[in-house]
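[1] Attaching a predicted model along with its sequence, questions to come.
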Amino acid sequence: MADSIISNGFSKKINTSMKQGNGVCQDGSSSPIKAQTIDELHSLQKKRSTPSTPSGSVSSAFSVITEEDRQRQQLQSISASLASLTRETGPKVVKGDPARKETSTKVAHVVHHQLGPNISISDSSMKFTHVLYNLSPGELYEQAIRYEKGSFLTSTGALATLSGAKTGRSPRDKRVVKDENTEKELWWGKGSPNIEMDEHTFMINRERAVDYLNSLDKVFVNDQFLNWDPENKIRVRIVSARAYHSLFMHNMCIRPTEEELENFGTPDFTIYNSGQFPCNRFTHYMTSSTSIDVSLARKEMVILGTQYAGEMKKGLFSLMHYLMPKRQILSLHSGCNMGKDGDVALFFGLSGTGKTTLSTDHNRFLIGDDEHCWGNNGVSNIEGGCYAKCIDLSREKEPDIWNAIKFGTVLENVVFDEHTREVDFTDKSVTENTRAAYPIEYIPNALIPCVGPHPKNIILLACDAFGVLPPVSKLTLAQTMYHFISGYTALVAGTEDGIKEPQATFSACFGAAFIMLHPTKYAAMLAEKMKTHGATGWLVNTGWSGGRYGYGSRIKLSYTRKIIDAIHSGELLNADYHKTKIFGLEIPNAIEGIPSEILDPTNTWSDKDAYDETLLKLASLFKNNFETFTSYRIGEDNSLTEEILAAGPIF
């Protein structure tokens, strides 16, 4: 029969011939199929491409090496990354999915300097490890849905995945190698997120993670960038066991162009994500089966015992908090957007304060939602994507984020209808920390490349559940530093513990879990840049008014947006102000479109004595928190430290 496909289980032949006299006319107007097997036919459907981040006009140059040589160099580099401590070489890595059963593979083999004792060759080092290198979202979808339990396609085209037992970060399981350099440079001790470990223990965990990856039939490798500033771009390599993790980092890091990938070279930092495999709890410094370890000297990060993808994102952010200040660049845990006239605003705030919502503005260009650098040329986004909370997400409240949840987006730990695959964003069955990770270009008004001029406004967001902070205050430079170091917000009390009052939360620099140096160093850099470039600091309360949580009411989002608009337009710079007691904050007397009585919280509390009592309580919480930082001196004469302390509450 003409054009029949014959399958015998081993080879799939395509027969395009036709026996004469069978009464079937052959159409000779088209060329015969240029394939002898089904696999060859499928290969004709595919056109080689490299997924990339939009970067304006990027012209491709002719490669000075052949494609075969370039792939060999890539595989040698990956083999070097996966070199084990106890073996001289890395695994024999080959390109492609082992499920495709390629008939011939080219092996990249490279000898490296010995890192440990000479042990006879093992089964692990003899086997082939297939490398799935910088796969596209479509390819990663196929891998996830086919091989990873808990991965499904949702009704909007997003990939729903599960992160396992851990649905959030494990900050108490994060370790940093303390050596003669980091002992002097990093912030250690009370209040610090940096928990020490020694290099030997790091190498034990590294060996465990690498051996696990080497034992697999395939690993996913992403070579990507951090920081949109072309002069300060950081090359990172992520080696992982899950397609979900690879797609997550494809979205969150800056995606290289084809030309950049060809000239990628040796990475500046490498992550080994073996999160499916636990650490050894009897290893020194370990307190659980989870361990996230960073060695700044080796430029490596090891993940064991947690599959939560956010550990990779925030691990790289910690790295930038170490590397960038060395270049006199301030690393910031903030959102950032820019007006049509080029006015840039930075938004600082802890979870639940509205940082992502307020920095995503239809009338302004989004530079980024979470991580930025402020250098000599202005601001730049560290990442290539957004990582938005999606609990209670709705099209009406956050249309841009809602519309970004489409093909290519990773949805973590959400609940969806088994039949329709429609996601129920109100369902907290798996976790309240449901997340969406998507490329930044999914936001219609994202600014690509994600860079902008020096900021004009520094907006510190606090969700004050005590209800005593004003909706907006203009800050002096010293007050900006004080509140930046404090990093205050208040969490609504949990009924499970029987606690009826709000709980104050302080996170230095609005990101204490990620900073590496002492908070006052970042604050001093912030003040210097604000002074140099004429930026103004603002404290905006997105929390309660007229009473604490349970008695007052939350400030309307529409009012907060009008406040932010007035900051952007410059209206508030020319407003009349009066000072509050205790905190000494300057409150505007009027803002267009907002009832003037709500601008001063003393007007909204019916019980004035309760207001005074609650205000004093919050002030004491601020003072107690800041005692951690009072002994640290900035500058030779310590005048800046004294100035910051004087900017705190007085009572």
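    Cool, the structure landed.
[2] got any ranges where this structure has weak pLDDT?
    1-35, 41-51, 55-64, 87-89, 101-127, 493-500, 632-640 (pLDDT under 70).
[3] count of neighbours near residue 418?
    Other residues within reach of residue 418, judged by other Cβ atoms under 10 Å, total 6. All C-beta spots, glycine's among them, are computed from the backbone N, C-alpha and C.
[4] I'd like to know the phi and psi angles of it, please.
    The phi/psi pair for residue 418 (degrees, to the nearest 10) reads phi -60, psi -30.
[5] quick one: it and residue 424, what's the gap?
    Distance of residue 418 to residue 424, computed by Cβ to Cβ, to the nearest Å: 11 Å.
[6] Kindly report the same for residue 270.
    From residue 270 to residue 424 the distance is 38 Å (Cβ to Cβ).
[7] neighbour count winner among these two?
    residue 270 (22 against 12).
[8] what's the closest non-adjacent residue to that one?
    Counting by Cβ to Cβ, 6 or more residues apart in numbering, residue 270 lies nearest to residue 237, which is 4.6 Å off, once chain neighbours are set aside.
[9] how many other residues sit next to the one you found?
    Neighbour count of residue 237, defined by other Cβ under 10 Å: 20.
[10] tell me what the host helix or strand of it is packed against?
    Element membership for residue 237, per DSSP states H and E: strand 234-240. In this structure, strand 234-240 makes packing contacts with helix 67-81, strand 218-226, helix 243-252, strand 269-274, helix 310-326, judged by 3 or more Cβ pairs under 8 Å, 6 or more residues apart in numbering; DSSP states H and E.
[11] so after the longest one, what's the next helix or strand?
    Secondary structure here is assigned by DSSP H and E; on that basis, the next helix or strand after helix 310-326 toward the C-terminus is strand 330-333.
[12] one step back: quick one, which of the helices and strands packed on strand 234-240 is packed in tightest?
    helix 243-252 (a mean of 28; mean count of other Cβ atoms under 10 Å).
[13] what's in contact with that one?
    With contacts defined as Cβ atoms under 8 Å, 6 or more residues apart in numbering, helix 243-252 is touched by 51, 132, 134-135, 137, 140-141, 143-144, 147-148, 151, 159, 161, 163, 220-222, 224, 238, 240, 273, 275, 307, 309, 312-313, 383-385, 387, 408-410, 437-439.
[14] Looking at these, which are in helices?
    137, 140-141, 143-144, 147, 312-313 (DSSP state H).
[15] Among these, pick out the one closest to residue 73, please.
    Relative to residue 73, the closest of the ones in helices among the contacts of helix 243-252 is residue 140; by Cβ to Cβ it sits at 23.5 Å.
[16] Return the distance of the closest one relative to residue 309.
    The value you get for residue 140 to residue 309, if Cβ to Cβ is used, is 13 Å.
[17] Might you report the residue contacts of residue 579?
    585-587.
[18] Tell me how far it lies from residue 342.
    Distance, residue 579 to residue 342, using Cβ to Cβ: 32 Å.
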